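K.L.:
Sharing a sequence plus its predicted fold:
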Amino acid sequence: MDFRTEFKPVTIQPQQIETVSFQMIDEEVGEHPFTPEQYKVAQRVIHASADFELGKSLLFHRDAIEAGINAIRSGKQVVADVQMIQSGVNKARIEKYGGEVKVYISDPDVVEEAKRLNTTRAIISMRKAIREADGGIFAIGNAPTALLELIRLVKEGEAKPGLVIGLPVGFVSAAESKEELAKLNIPFITNVGRKGGSTVTVAALNAITLLAEQV
(Lines give C-alpha, C1' and ligand atoms only; values in the text may rest on other atoms or scores of the structure.)
Protein backbone atom coordinates (compact mmCIF):
# COMPACT_ATOMS: atom_id res chain seq x y z
CA MET A 1 0.00 0.00 0.00
CA ASP A 2 1.39 3.40 -1.03
CA PHE A 3 0.85 6.04 1.69
CA ARG A 4 2.72 8.66 -0.38
CA THR A 5 4.85 9.59 2.59
CA GLU A 6 8.31 8.67 3.84
CA PHE A 7 6.86 7.49 7.15
CA LYS A 8 5.51 3.94 7.18
CA PRO A 9 3.17 2.63 9.91
CA VAL A 10 4.38 -0.13 12.22
CA THR A 11 1.48 -2.26 11.04
CA ILE A 12 -1.82 -1.85 9.24
CA GLN A 13 -3.39 -5.00 10.68
CA PRO A 14 -6.23 -4.00 13.08
CA GLN A 15 -5.55 -6.55 15.81
CA GLN A 16 -1.82 -5.94 15.65
CA ILE A 17 -2.39 -2.19 16.03
CA GLU A 18 -4.24 -2.77 19.31
CA THR A 19 -1.69 -5.31 20.54
CA VAL A 20 1.25 -3.04 19.79
CA SER A 21 -0.59 -0.10 21.39
CA PHE A 22 -1.13 -2.03 24.61
CA GLN A 23 2.50 -3.11 24.66
CA MET A 24 3.58 0.52 24.32
CA ILE A 25 1.19 1.53 27.10
CA ASP A 26 2.53 -1.19 29.41
CA GLU A 27 6.12 -0.09 28.79
CA GLU A 28 5.39 3.58 29.44
CA VAL A 29 3.15 3.05 32.49
CA GLY A 30 5.70 0.91 34.28
CA GLU A 31 4.93 0.31 37.95
CA HIS A 32 1.44 1.28 39.06
CA PRO A 33 -0.85 0.91 42.09
CA PHE A 34 -3.68 -0.93 40.31
CA THR A 35 -4.78 -4.53 40.73
CA PRO A 36 -4.60 -6.61 37.52
CA GLU A 37 -8.33 -6.13 36.93
CA GLN A 38 -8.20 -2.39 37.65
CA TYR A 39 -5.26 -2.06 35.29
CA LYS A 40 -7.36 -3.51 32.47
CA VAL A 41 -9.64 -0.49 32.89
CA ALA A 42 -6.77 1.99 33.17
CA GLN A 43 -5.08 0.48 30.13
CA ARG A 44 -8.17 0.97 27.97
CA VAL A 45 -8.70 4.49 29.26
CA ILE A 46 -5.13 5.35 28.26
CA HIS A 47 -5.61 3.60 24.91
CA ALA A 48 -8.72 5.68 24.22
CA SER A 49 -7.20 8.98 25.28
CA ALA A 50 -3.43 8.64 24.77
CA ASP A 51 -3.30 10.39 28.14
CA PHE A 52 -1.14 8.66 30.74
CA GLU A 53 -1.84 11.31 33.34
CA LEU A 54 -5.55 10.63 33.03
CA GLY A 55 -5.08 6.87 33.25
CA LYS A 56 -2.86 7.11 36.30
CA SER A 57 -5.36 9.44 38.02
CA LEU A 58 -8.09 6.79 38.09
CA LEU A 59 -9.61 5.92 41.45
CA PHE A 60 -11.38 2.64 42.18
CA HIS A 61 -13.62 1.70 45.06
CA ARG A 62 -12.38 -1.63 46.38
CA ASP A 63 -15.52 -3.40 45.11
CA ALA A 64 -15.83 -1.58 41.78
CA ILE A 65 -14.64 -4.30 39.43
CA GLU A 66 -16.56 -7.11 41.11
CA ALA A 67 -19.72 -4.98 41.31
CA GLY A 68 -19.47 -4.04 37.64
CA ILE A 69 -18.98 -7.64 36.56
CA ASN A 70 -21.92 -8.77 38.69
CA ALA A 71 -24.16 -6.04 37.28
CA ILE A 72 -23.33 -7.03 33.70
CA ARG A 73 -23.77 -10.74 34.34
CA SER A 74 -27.06 -10.13 36.16
CA GLY A 75 -28.49 -8.30 33.16
CA LYS A 76 -28.77 -4.96 34.94
CA GLN A 77 -29.36 -1.83 32.92
CA VAL A 78 -26.53 0.47 31.97
CA VAL A 79 -27.52 4.14 32.17
CA ALA A 80 -25.49 6.66 30.20
CA ASP A 81 -25.76 10.42 30.55
CA VAL A 82 -25.42 11.05 26.80
CA GLN A 83 -26.00 9.21 23.53
CA MET A 84 -22.28 9.22 22.70
CA ILE A 85 -21.69 6.60 25.39
CA GLN A 86 -24.61 4.53 24.17
CA SER A 87 -23.15 4.64 20.65
CA GLY A 88 -19.62 3.76 21.68
CA VAL A 89 -20.12 0.93 24.13
CA ASN A 90 -20.06 -2.69 22.99
CA LYS A 91 -23.77 -3.35 23.46
CA ALA A 92 -23.52 -6.99 22.39
CA ARG A 93 -21.52 -7.89 25.49
CA ILE A 94 -24.20 -6.27 27.65
CA GLU A 95 -27.20 -7.63 25.80
CA LYS A 96 -25.91 -11.23 25.87
CA TYR A 97 -26.64 -11.23 29.61
CA GLY A 98 -30.04 -9.56 29.20
CA GLY A 99 -29.03 -5.97 29.88
CA GLU A 100 -29.39 -2.87 27.75
CA VAL A 101 -27.94 0.63 27.53
CA LYS A 102 -30.40 3.42 28.24
CA VAL A 103 -30.13 7.19 27.81
CA TYR A 104 -32.92 9.38 29.15
CA ILE A 105 -31.62 12.88 28.50
CA SER A 106 -33.64 13.44 25.31
CA ASP A 107 -36.87 11.77 26.46
CA PRO A 108 -39.81 14.17 25.97
CA ASP A 109 -40.90 13.92 29.60
CA VAL A 110 -37.34 14.71 30.74
CA VAL A 111 -37.12 17.73 28.44
CA GLU A 112 -40.52 19.01 29.59
CA GLU A 113 -39.74 18.56 33.29
CA ALA A 114 -36.36 20.28 32.94
CA LYS A 115 -38.04 23.28 31.34
CA ARG A 116 -40.73 23.36 34.02
CA LEU A 117 -38.19 23.32 36.84
CA ASN A 118 -35.67 25.51 35.01
CA THR A 119 -32.89 22.98 35.52
CA THR A 120 -30.72 20.74 33.36
CA ARG A 121 -31.97 17.72 31.47
CA ALA A 122 -29.04 15.81 32.90
CA ILE A 123 -30.40 16.26 36.43
CA ILE A 124 -33.93 15.20 35.48
CA SER A 125 -32.61 12.23 33.50
CA MET A 126 -30.94 10.87 36.63
CA ARG A 127 -34.18 11.21 38.59
CA LYS A 128 -35.93 9.16 35.94
CA ALA A 129 -33.11 6.64 35.60
CA ILE A 130 -33.04 5.61 39.25
CA ARG A 131 -36.68 4.52 39.00
CA GLU A 132 -35.86 2.14 36.16
CA ALA A 133 -32.28 1.00 36.75
CA ASP A 134 -31.96 -0.10 40.36
CA GLY A 135 -28.64 -1.89 40.82
CA GLY A 136 -27.46 -0.92 37.35
CA ILE A 137 -24.31 0.73 36.09
CA PHE A 138 -24.40 4.51 35.72
CA ALA A 139 -21.84 5.72 33.17
CA ILE A 140 -21.39 9.49 33.26
CA GLY A 141 -18.80 11.10 31.02
CA ASN A 142 -20.22 14.43 29.97
CA ALA A 143 -22.44 16.09 32.58
CA PRO A 144 -21.10 16.88 36.06
CA THR A 145 -24.63 17.93 37.04
CA ALA A 146 -25.83 14.39 36.32
CA LEU A 147 -23.13 12.97 38.58
CA LEU A 148 -23.85 15.45 41.37
CA GLU A 149 -27.56 14.67 41.20
CA LEU A 150 -26.88 10.94 41.32
CA ILE A 151 -24.64 11.48 44.36
CA ARG A 152 -27.43 13.44 46.05
CA LEU A 153 -29.91 10.67 45.32
CA VAL A 154 -27.52 8.07 46.74
CA LYS A 155 -26.98 10.09 49.90
CA GLU A 156 -30.72 10.46 50.40
CA GLY A 157 -31.28 6.73 49.93
CA GLU A 158 -33.26 7.10 46.72
CA ALA A 159 -30.66 5.53 44.42
CA LYS A 160 -28.78 2.26 44.77
CA PRO A 161 -26.53 1.90 41.73
CA GLY A 162 -24.50 -1.25 41.31
CA LEU A 163 -21.55 0.76 39.98
CA VAL A 164 -20.99 4.40 39.11
CA ILE A 165 -18.45 5.17 36.40
CA GLY A 166 -18.11 8.91 36.93
CA LEU A 167 -15.62 10.48 34.52
CA PRO A 168 -17.17 13.77 33.38
CA VAL A 169 -14.92 16.27 31.64
CA GLY A 170 -14.99 20.02 32.03
CA PHE A 171 -14.20 23.14 33.99
CA VAL A 172 -17.43 23.75 35.88
CA SER A 173 -17.98 21.20 38.67
CA ALA A 174 -16.27 18.32 36.87
CA ALA A 175 -13.37 17.83 39.29
CA GLU A 176 -15.59 18.64 42.26
CA SER A 177 -18.26 16.11 41.30
CA LYS A 178 -15.62 13.37 41.11
CA GLU A 179 -14.23 14.36 44.49
CA GLU A 180 -17.72 13.94 45.96
CA LEU A 181 -18.18 10.55 44.27
CA ALA A 182 -14.91 9.30 45.74
CA LYS A 183 -16.24 10.05 49.23
CA LEU A 184 -19.18 7.64 48.86
CA ASN A 185 -19.06 4.11 50.14
CA ILE A 186 -20.50 2.62 46.97
CA PRO A 187 -18.70 0.96 44.05
CA PHE A 188 -17.27 3.64 41.77
CA ILE A 189 -14.65 4.30 39.13
CA THR A 190 -13.60 7.93 38.82
CA ASN A 191 -10.50 10.07 38.43
CA VAL A 192 -8.86 13.13 39.88
CA GLY A 193 -9.16 16.45 38.05
CA ARG A 194 -10.95 17.99 35.10
CA LYS A 195 -10.03 15.39 32.51
CA GLY A 196 -12.46 12.69 31.43
CA GLY A 197 -15.18 12.52 28.81
CA SER A 198 -17.53 10.18 27.04
CA THR A 199 -14.73 8.43 25.14
CA VAL A 200 -12.86 7.38 28.27
CA THR A 201 -16.12 6.47 30.01
CA VAL A 202 -16.88 4.14 27.12
CA ALA A 203 -13.39 2.68 27.43
CA ALA A 204 -13.86 1.98 31.15
CA LEU A 205 -17.29 0.47 30.56
CA ASN A 206 -16.04 -1.71 27.71
CA ALA A 207 -13.22 -2.93 29.95
CA ILE A 208 -15.80 -4.02 32.54
CA THR A 209 -17.85 -5.86 29.92
CA LEU A 210 -14.71 -7.67 28.73
CA LEU A 211 -13.88 -8.68 32.29
CA ALA A 212 -17.44 -9.98 32.70
CA GLU A 213 -16.78 -12.35 29.81
CA GLN A 214 -13.29 -13.36 30.84
CA VAL A 215 -12.95 -13.46 34.62
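P.N.:
Done, it's in.

K.L.:
Neighbours of the closest residue to Leu54 other than its chain neighbours, how many?
P.N.:
Of all residues not flanking Leu54 in the chain, Lys195 sits nearest, at 4.6 Å (Cβ to Cβ, 6 or more residues apart in numbering). To be clear about C-beta, it is placed using only N, CA and C from the backbone, and glycine gets the same treatment. Under the neighbour criterion other Cβ atoms under 10 Å, Lys195 is assigned a count of 21.

K.L.:
Surely Lys195 touches Ala48?
P.N.:
No - judged on Cβ atoms under 8 Å, Lys195 makes no contact with Ala48 at a distance of 11.9 Å.

K.L.:
element containing Val164?
P.N.:
For Val164, the element it lies in under DSSP states H and E is strand 163-166.

K.L.:
from the chain's centre, how far out does that strand sit?
P.N.:
Computed by Cα atoms, centre = their mean, to the nearest Å, the chain-centroid distance of strand 163-166 equals 6 Å.

K.L.:
For the helix or strand following that strand, what is the distance to the chain centroid?
P.N.:
Next along the chain after strand 163-166, taking DSSP H and E as the criterion, comes helix 174-182. Taking Cα atoms, centre = their mean, the mean C-alpha location of helix 174-182 is offset from the chain mean by 14 Å.

K.L.:
just checking, what packs against helix 174-182?
P.N.:
Contacting helix 174-182 under the criterion 3 or more Cβ pairs under 8 Å, 6 or more residues apart in numbering; DSSP states H and E are the following elements: helix 144-155, strand 163-166, strand 188-191.
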